[in-house]
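> how does the following fold in three dimensions:
(2 chains)
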Amino acid sequence: MKKIGVFICHCGINIAGTVDVKGIAEKLKNYPGVVFIQDYKYMCSDPGQNLIREQIRELGLEAVVVAACSPTLHEATFRRAVESVGMNPYECEIANIREQCSWVHHDKTAATAKAEIIIKSVIEKARLDEDLAPVQVPITRRALVIGGGVAGMQAALNIANSGFEVLLVEKNPSIGGRMAQLSETFPTLDCSQCILTPKMVEVAQHPRIKLLTYSELTDVSGFVGNFRVTIRQKARYVDWQKCTGCGVCMEKCPVKVASEFDSQLANRRAIYTPFPQAVPNKPVLDRPHCTYFKTGKCQICKKLCPFDAIDYDQQDVVLTEEVGAIVVATGYDLYGLEHLPEYGAGNIPDVIDGLTFERILSASGPFSGEVRRPSDGKVPQEVVFIKCVGSRDPENHYPYCSKVCCMYTTKHAMLYKHRVPDGQAYVFYMDVRADGKGYEEFYQRAAEEDKVLYLRGKVAKMYRDNGKIIVCGYDTLSGENVEIGADLVVLATAIRPAQGAVELAKLLKIQVDQHGFLTEAHPKLRPVESLTAGIFLAGCAQSPRDIPDTVAQAAGAASMVTTLFARECLYHEPITTGVNEELCSGCGICVAVCPYDARQLHREKHVVEVNEVLCEGCGACAAACPSGAAQQRNFKDAQLINMIKAILT
Amino acid sequence: MYEPKIVAFFCKWCTSAGADLAGTSRLTYQPNVINIRVMCSSRVDPEHVLDAFREGADGVLIGGCHPGDCHYKSGNYQTLKRMVLLKKILRDIGINERRLRLEWISAAEGKRLAQVINQFSDEIRRLGQLKAVRL
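Numbering: from 1, shown residues only, chains lettered A, B, ... in the order given. So this is what the prediction gives:
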């Protein structure tokens, strides 16, 4: 019979005050398998631990039960202690007689009786415990970053600058993301492109960053340290080896398409770069709009290209890559105007969203930075800004706050006043949330120096009348109805996860919340990790946030990646659930139950095989297995049944 | 005086941690429940519950994480499915289904843990001893 040593802690009077520890030691000294039992004032102290070590050496104990506080506190301590004298740490078990016994009962007789039962049940577990070794897993020290906006770029740069290779995947033809579309940034009014484009170039030129634009993730398998990802690089129909980015094709292409980058305010061609500072600065051919692909005629770009770079036969390229960690930075989209019937559902000209106004304000935008309205190019004299459009509206739209609108609307109104000093800017607001560094001062400046008129209330409706947009609202501070004949209305629409983000999350097997934002492992203490080990989050894909927060979080995600890569190898708890092939009938019930895809039916052998590294050790499969072939290590059926018996006899 | 014997299975991440919190908060509750700490409530095989009744338990309590909070993504849903089914079987074999209870108790709910243990102990005490059944 296995030789078991039992050590009962007094924890001063924390345990001994309500539990008769000496009485239990006396009573259990002849319990089957117990070759040594002793109580001690503080088992976790050095002399306490030495007592355990001595008895292991002297009596050759094969398992140790420490009856003390919660295993959360000192399981690791005692396992290290037994390991130091050669015992397998998984042969050491803790009986929790403090938090779950002495501290919650006052009656000494009852508490003593309960403690004795707890100890007996844990002795039964220890009796059938096996030596286990942590599963060792190698790490591929290479990261995948999904999304080439400011979050993805920052994460990629930090990881690459720490000496590791990065694969940066962006679905659009250029990196830069939403930040590249912005005019100026609050509260400093830095030109967005001026601070972003150097970063874009740094990413493109970094020796350790492999940039894959116009590409999408199509498959992911594996686990922390060892992901295998499949990426589809869409056909660009331009041979980038030959292309120099001279731009002749883009000038001469006869097809005009409304530019996504310019919020449809300007046109691009069918062969295009999204914007002049695009990185990489080489064009892609937009197949659905290309005349040649539609009719078989045209080929102007091919004829004019001085480098013979146009290749109509180019195919999508599918790449398979190995990475050890993944950062998801897929960013955001704005809530579409079509969802907002109260504001014309996108059918009233000159009612636009915030990103469109950014393009209007941008020096590189369609109006070269002059404020003009889209419908007729007129300089608007009265501009109404409305905040919380679709946000903070649980009845009709989204309940959450989109966080950046207060400040960008302030910035919009301010920039408008700088460009059209005799114009009037109105802001309808619910609250002004100016909680960043320098933000409140910025808001005060807009209201006081730039005379932006803030009206506290919501807009009930708006309609077009004689070239004006009549905005009907209610000012809750004065208690009066307000009607403004505006030339332009800018809606601060809600931030939503980027299109395709939910599907991507499914592919990665990470969780999203009810709105599609990625869920962090812990809202306070693990804000940049997903619940899946090795997958980290950055930027607005997790929730709305501004540029400084995004950059900080991206740096945090990068640091989590490099912390992972700094380890020699990964260890995995070995309390996994194996398969006894002789008992397994190959029914596959356990395969369906496993939340981690760790179990697979071997077609030929007709038994289930387990990937020990994927198995997290929940034991759901062991409970589902009808034959008893699936047994969770150190939580075997026999152990649990013996524990039940010990409790009841 | 009859005192019920109750076997419990608590998951490590939520309910057992909640029981630790009840201890550190120095709450008190009845001593009739002895728990076995498992990694996840989904480790509990319906057979374990039947075993407990066969060995003389008057009640069985299973504690897991709240829906959506399972440390193992979906383990608690497995538990829920199994226990709903098991209750039907208990009815068929003549064991009052109220003797089996499944509760979601988080690591922050020490107080609720104490309440659940007290309520369940009282209820089993009212139901009386489960006369040994041979299954």
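
> check what pLDDT the residue lying closest to A:Arg269 once chain neighbours are set aside gets.
Of all residues not flanking A:Arg269 in the chain, A:Cys253 sits nearest, at 3.8 Å (C-beta to C-beta, 6 or more residues apart in numbering or on different chains). (Each C-beta comes from the backbone N, C-alpha and C, glycine too.) On the pLDDT scale, A:Cys253 is placed at 95.

> got a list of what the residue nearest the centre of chain A touches?
Nearest residue to the geometric centre of chain A (C-alpha atoms, centre = their mean): A:Leu537, 3.0 Å. Residues near A:Leu537 by C-beta atoms under 8 Å, 6 or more residues apart in numbering or on different chains: A:Val327, A:Val328, A:Ala329, A:Leu518, A:Glu520, A:Val528, A:Glu529, A:Ser530, A:Gln553, A:Ala557.

> repeat that for 6 Å
A:Val328, A:Leu518, A:Val528, A:Ser530 (C-beta atoms under 6 Å, 6 or more residues apart in numbering or on different chains).

> phi, psi for it please.
phi -120, psi 150 (degrees, to the nearest 10).

> beta partners for it?
A:Val328 (DSSP bridges).

> and it, how far is that from A:Ile146?
A:Leu537 is 10 Å from A:Ile146, where distance means C-beta to C-beta, to the nearest Å.

> what pairs with the residue minimising distance to the centre of chain B across the strands?
Nearest to the geometric centre of chain B sits B:Leu61, at 1.2 Å (C-alpha atoms, centre = their mean). Note on B:Leu61: beta-bridge partners by DSSP bridges are B:Ala8, B:Arg101.

> got the contact list for it?
By C-beta under 6 Å, 6+ apart, the neighbours of B:Leu61 are B:Ala8, B:Arg101, B:Phe120.

> from these, which is closest to A:Glu54?
B:Ala8 (35.3 Å; C-beta to C-beta).

> that closest one: neighbour count?
26 (other C-beta atoms under 10 Å in any protein chain shown).

> is it correct that it is in contact with B:Val33?
Yes - assessed by C-beta atoms under 6 Å, B:Ala8 is found in contact with B:Val33 at 5.0 Å.

> what parts of chain B come near chain A?
B:5, B:7, B:19-20, B:22-23, B:26, B:28-29, B:31, B:34, B:36, B:39-40, B:42-43, B:45, B:48, B:51-52, B:55-57, B:72-75, B:78 (C-beta under 6 Å from any C-beta of the partner chain).

> was I right about A:Val551 contacting A:Gly152?
No - the pair A:Val551 / A:Gly152 is not scored as a contact, 11.1 Å apart, by C-beta under 6 Å.

> compare neighbour counts for the two and give me the winner.
Set side by side, A:Val551 and A:Gly152 show more neighbours around A:Gly152, with 30 against 21, by other C-beta under 10 Å.

> state the pLDDT value of that one.
The model's pLDDT for A:Gly152 equals 98.

> that one sits in which helix or strand?
Secondary structure assignment for A:Gly152, by DSSP states H and E: helix A:150-161.

> now for the strand or helix carrying A:Leu355, which elements pack on it?
Element membership for A:Leu355 (DSSP H and E) is helix A:354-361. If you count contacts as 3 or more C-beta pairs under 6 Å, 6 or more residues apart in numbering or on different chains; DSSP states H and E, helix A:354-361 packs onto helix A:405-419.

> okay, the angle between the following helix or strand past the helix it packs on and helix A:405-419?
Next helix or strand after helix A:405-419 toward the C-terminus (DSSP H and E): strand A:424-429. Strand A:424-429 runs at 180 degrees relative to helix A:405-419, counting by axes from the mean of the first three to the mean of the last three C-alpha atoms, to 10 degrees.

> can you pull the contacts of the residue of the stretch 1-150 of chain A found nearest chain B?
Ranked by C-beta to the nearest C-beta, the top residue of the stretch 1-150 of chain A for proximity to chain B is A:Glu99, at 3.0 Å. The neighbourhood of A:Glu99, defined by C-beta under 6 Å, 6+ apart, consists of A:Ser70, B:Asp20, B:Gly23.

> closest to A:Leu196 among these?
B:Asp20 (49.0 Å).

> phi, psi for that closest one please.
phi -60, psi -40.

> and it, what's its pLDDT?
Looking at B:Asp20, the pLDDT reads 94.

> now do the SS call for A:Asn14.
Three-state assignment for A:Asn14 (DSSP: H, G, I helix; E, B strand; the rest coil): coil.

> what about A:Ile24, how many residues nearby?
23.

> how about B:Gln129?
Residues near B:Gln129, counting by other C-beta under 10 Å: 13.

> what sits against it?
Neighbours of B:Gln129 in contact, by C-beta under 6 Å, 6+ apart: B:Tyr2, B:Asp58.

> give me that answer again for 8 Å
B:Gln129 sits next to B:Tyr2, B:Pro4, B:Asp58 when contact means C-beta under 8 Å, 6+ apart.

> of these, buried ones?
For these, a neighbour count by 16 or more other C-beta atoms under 10 Å in any protein chain shown gives the buried set as B:Pro4, B:Asp58.

> mind picking the lowest-pLDDT entry from the contacts of B:Gln129?
Among these, B:Tyr2 has the lowest pLDDT, at 84.

> name the helix or strand for the closest residue to it other than its chain neighbours, please.
Spatial nearest neighbour of B:Tyr2, excluding adjacent residues (C-beta to C-beta, 6+ apart): B:Gln129 at 5.9 Å. Using DSSP H and E, B:Gln129 falls within no helix or strand.

> in the stretch 501-649 of chain A, which residue sits nearest chain B?
A:Gly619 (3.2 Å).

> ok, how many other residues are close to that residue?
Applying other C-beta under 10 Å, I find that A:Gly619 has 30 neighbouring residues.

> same check on A:Glu93?
23.

> who does it form a beta bridge with?
A:Val65.

> quick one: it and A:Val122 touch, right?
Yes - if you go by C-beta atoms under 8 Å, A:Glu93 and A:Val122 touch, sitting 5.1 Å apart.

> could you name every residue contacting both of the two?
A:Val65.

> if we can go back for a sec, setting the sequence-adjacent residues aside, check what's closest to the residue of the stretch 501-649 of chain A closest to chain B.
B:Arg43 (3.2 Å).

> which parts of the helix or strand hosting A:Ala111 are buried?
A:Ala111 is located in helix A:108-127, with elements delineated by DSSP H and E. Of the residues in helix A:108-127, A:110-127 count as buried by neighbour count, 16+ other C-beta under 10 Å.

> what of stretch B:53-63?
Those would be B:Phe53, B:Arg54, B:Glu55, B:Gly56, B:Ala57, B:Asp58, B:Gly59, B:Val60, B:Leu61, B:Ile62, B:Gly63, for stretch B:53-63 by 16+ other C-beta under 10 Å.
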